[in-house]
Structures are given as structure tokens and as C-alpha cells.
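Student: Sequence first, predicted model second:
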Amino acid sequence: MELFSLNQIIFPFLILIFLMSIIGYGILIDNTILKNQINLDLYNLIFFKGLICIGLICVFINFFISISDLISFIIISTGIIFFLFSFVKNKSKKSKILFLVFVSLLSFFFAFYSGINDDFGYHYQTIKNYKSQNLFEIKHHRMISYNSHWLFLNSIFSISFFTSSIFILSSLFYSITIYDFIKLINSSIKNKYNYLVLLSFLSLVFFLGVLNKMKDFGTDIPGVIVCIYILIIIFYYIFETKEKITNKSFLFILLLCQFALLIKLTNALIFLFCIPIFYKVIKQKISYSIFLIIFLYPIPWLFQNYTISGCLIWPINFTCFSGTEGAVREIYLIESFAKGDITTNMNVNGFGWINEWLTNHISKILETYFIFFVLLLIPFTYILLKEKSVKKILKIIKNKYINFNYLMFFVIILLSNLIWFLNAPAYRFGIFYNLLLIIFIVMPLWFFMLDHKFKFLLRYSKFVIIFVSLYFVYENLKKIDWYIKRYDSWPPIINEKILDRKQF
């Protein structure tokens, strides 16, 4: 195992450079087109705008030429210029520097010596396609044609002779999310935004305690992150403020919904969560021209899909103009595998597959969520055992915290989980919906503790954060030994080929 390489030395510097570049584009969009009107100071909202802007520019570039290293250098360098220009003019330089340092260090720790997941082989091939070919040169393949926009963005932020760069975008996304959750918890406690306090705190616990391995990131978690931010914005307007939601704010929510969909098709159900906020918007005067512009956003991505696979959305067969049989077969393979048949030979109709699903998937579901769920129930269980008036506590919870808005979202969450379970009940397809179900089950209990047992809950929450943070550190130190036993160099890519794992 080599101790040092150019990849390892340059890696932390590339993290900082990529971070500044994307934020630079985000600030430009924020100051010119989509001025932030949401009173939540979250860096990922700027980061999203930067990625959306960069993605759109490069999709059009890729119509004519490949996203070569030269194109990547031009895109990244331009973003840094935008960032530095904004940084010089910004009065709060100290907070910006703190953000850059925190995110860069956490991103480095999260990504350095990370392994690669089972899907990385065809993900990497998709990235290489965009790096070496224009759109019309890319050939259809059942795995390549999934065309997650996240992989396209990764092709922009990967440099062929710095193979470690391929890990940076995901690690930045994760690290900014952790930074924002911590910041949102503090600001929400100060402003008494109870829904945002709990959503950000419980999500932070889940991200540090469960989603803590770079190896498991893939194309699933970026979409989950975007969906959580959409929910944060929606909760802000539904539960926490009397501000009227503006057309631009709703427009931004829809833009993020489409961004999540372009990353992973399983995020499509996020549009259901916009129904309550849409009801508030239609009471106002709607600028339909703005909505039309926003719904043009996915068109370049749809054109990419059509050019590569003959389908607007592969492998949704009714969107296909050619290769329909292959799409039908692919949907069957996905559904069969998700319902528990590794050999993909089962009958997916009816409910006969449920026993197979329980056999092959329930252990993974329990392994992922059981300890997390128990951690959330422990403080309330302790209070119930200590207090004599259990019925009185449950009555307070029912009357005060289970209101119409809560029930409306709970129904949407149940519906989302039902759709997930009946169609593609693999763990990774349902992370966002499963997580929300758990959070909403315990929310009224935690609301009660916030109001009546705040000091106790605060002590317990500090303990949980320390516990999951130590576990996060443990998992990310353990991965080094895991990696060294399996590979001879980092990253495991030489001459654009993924190294085979060693036997030990």
C-alpha cells in the first residue's frame, strides 16, 4: 500500500477549490436570478443553485463536445472568480472562512480512504462517457441509460489525472448538510421553530449515526438531501411563519423538486409534499410565466435521455419511442429485485412476493432503522415510566400536537411509504420516506418534551449527538483498515480502470 501519492496530497486542496467554485456559481444565481427570499440561512440552498446552474451550462456544452478536463478547468476556475469577487465584497468574512474550513475538513475526513459501492462500476462508466464523448456519441446500455443528473455533475467535477476528485462532490454535499443541520438547530431553538428543530436534529442524528459511510452514498443520498431541504422550506411556511409564500419561493421549491427527480426517479413522490404549500400559493396572484420557465428546466435532461436510450425517462416504457421491450424487462428486473428476489424470477403481481421481501429485506430495514427509532423513543419512555399520569400526558399530546397540518403531512408520508412498498420496496429507494415516517411518529412525543421536559430533553439530545458523533468518527476510521485490506492504492482506479478487491 503506497503511503503517499499526488492524489492524496492534492485531495484536500481540490475539496476547497471545488467548494468555492460551486458556491461562487450559487452566489451569482442568488444575486441575479433566484434571490433568496426564504428567511433560512442555509448554505446548501446556495450550493443547490450552483449545481443547477453548472449542470445546465454543461448539458448544452455536451451537445457539441465532451466534458473534458479542459472544460472542467474552465467551469471550476470561473466559479472561483465568482466566489472571490463575492468574498471581497462580503462583510461577514469570518463566518464564510469558518464555513469553508469546517466543510473542507469534514469532507476530507468523510471521503479520504473511502471504499466504493457495488454500483460504482456502471456509475463510473457513465461519468467516463461524459468525460470522453459528446451526447450523440454515447451508446445505449441498460445500466448507463439511467442517466442520473448526479453522475453528470460528477463528470464535471472529476479530473482524469486526479482520480480522487471523483469522491469530492458527494463528500461536499454531505458535509454542507451536516453544517446546515447544526446551524438550523441553533437558529430554530432561538426562534422557537419547533418543527424545524426536530426535523433538523433528528435528520442530523440519522446522517451521523446511519448515513455515515461515503461507500454507501451512490446516487440515492444526494436526492434524499435535496428532499429534506424541500421539506425544511415547506415546514417553514406551513408551521413556523405567518409570512406569505412568494411566487419566487414556491418556484424555488418546484425547481428543487425537479432537481431531486433528475438525480433519482424514486424522488418523484416529493411533489406530493408540495400540495399543502400549493394551496397557500393559489390564494395569491400566480405568475404563470415564471412557472412555465421552471418547468422548462428538465427538458435538456429529457433530451439527453431520449438521445441515449430512445426514452424520455429510461426505463419508463410509456416514455419510450424505441426499445420498449428492453424497458419493460428492466422495470421487471428492478421491481423483482426490490421485492426480494435476487435471481429476478418471481411473479411481482399480487402480494405473493411479501414473504420473499420479508426474508431478504427486513433484516436490512431493521439494521438501518431499529437503533435510530429506539434512540428517539427512549426519553419519552423514561418520562412515561417516571410519571404517574400517563393518560393525561397522552391526552395533552393528542389535543395539542396532533393538529390538522400534522395529520395532512402524516397522510402524505403514509401514502408515499405505501407507494414505495407496493412498487419498489428496496431500502435505498425509500430512505427519505421511511425516515420521515419514523420522525413523524415520534414528533408529537418530542413536542411534549420540548414544552414540559426541556432540560431533560436537552441533556439527552447532547448525549445522543456525542454518541452518534463518536460513532461517525469510529466508522470513518475503521474504513481505513477496511480499505487497506482490499486495495493496494487509493483511489482504486488506475488508467481509468477500477481495481479488483484483494482476497484476504
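Tutor: Received it, and whenever you're ready, just let me know what you need.
Student: wait, what's in contact with residue 191?
Tutor: Contacts of residue 191 were listed using CB atoms under 8 Å, 6 or more residues apart in numbering, and they are residue 240. Where C-beta positions appear, they are placed from N, C-alpha and C, glycine not excepted.
Student: How about residue 406?
Tutor: By CB under 8 Å, 6+ apart, residue 406 lies in contact with 440, 443-444.
Student: Just the ones in helices from those, please.
Tutor: Under the assignment DSSP state H, those contribute 440, 443-444 to helices.
Student: Need those residues in TSV (columns: pLDDT and neighbour count).
Tutor: Shown next, in TSV, are these (pLDDT from 0 to 100; neighbours: other CB atoms under 10 Å):
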residue	pLDDT	neighbour count
440	95	19
443	94	23
444	94	19
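Student: Do a quick rundown of the strands in this protein.
Tutor: Along the chain, the segments classed as strands by DSSP state E run 493-494, 497-498.
Student: Could you give the average pLDDT over the last one?
Tutor: Regarding strand 497-498, the rounded mean pLDDT is 85.
Student: Run through who's touching that strand.
Tutor: Applying CB under 8 Å, 6+ apart, the contact partners of strand 497-498 are 116, 120-121, 124, 492.
Student: of the residues you listed, buried ones?
Tutor: Buried residues within the contacts of strand 497-498, counting neighbours by 16 or more other CB atoms under 10 Å: 116, 120, 124, 492.
Student: Between all of those, which two are separated the most?
Tutor: Farthest apart among these by CB to CB are 124 and 492. That separation is 10.3 Å.
Student: Can you list the low-confidence ranges for the stretch 301-450 of the chain?
Tutor: 342-344 (pLDDT under 70).
Student: Then the stretch 101-250 of the chain?
Tutor: For the stretch 101-250 of the chain, no range has pLDDT under 70.
Student: how about the contacts of residue 406 in a markdown table, adding distance to residue 339?
Tutor: Listed next are the contacts of residue 406 as a markdown table, based on distance: CB to CB, whole Å:
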| residue | distance to residue 339 |
| --- | --- |
| 440 | 25 |
| 443 | 30 |
| 444 | 33 |
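Student: which one among the residues you listed gets closest to residue 88?
Tutor: Taking CB to CB as the measure, residue 88 lies nearest residue 443 of those, at 43.6 Å.
Student: Pretty sure that closest one sits against residue 403.
Tutor: No: judged on CB atoms under 8 Å, residue 443 makes no contact with residue 403 at a distance of 11.3 Å.
Student: ok now do residue 123, which residues does it touch?
Tutor: Under the criterion of CB under 8 Å, 6+ apart, the neighbours of residue 123 are 148, 151, 154, 218-219.
Student: Sort out for me which of those are in helices.
Tutor: 151, 154.
Student: any chance of the contacts of residue 123 in TSV, plus distance to residue 171 and neighbour count?
Tutor: TSV is the format used below for those (distance: CB to CB, whole Å; neighbours: other CB atoms under 10 Å):
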residue	distance to residue 171	neighbour count
148	17	20
151	16	22
154	11	24
218	13	21
219	15	21
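Student: Check the contacts of residue 123 against residue 386 and report the nearest one.
Tutor: For these, the closest approach to residue 386 (CB to CB) belongs to residue 218, at 43.1 Å.
Student: check contacts around the closest one.
Tutor: Residues in contact with residue 218 (CB under 8 Å, 6+ apart) are 117, 119-120, 123, 428.
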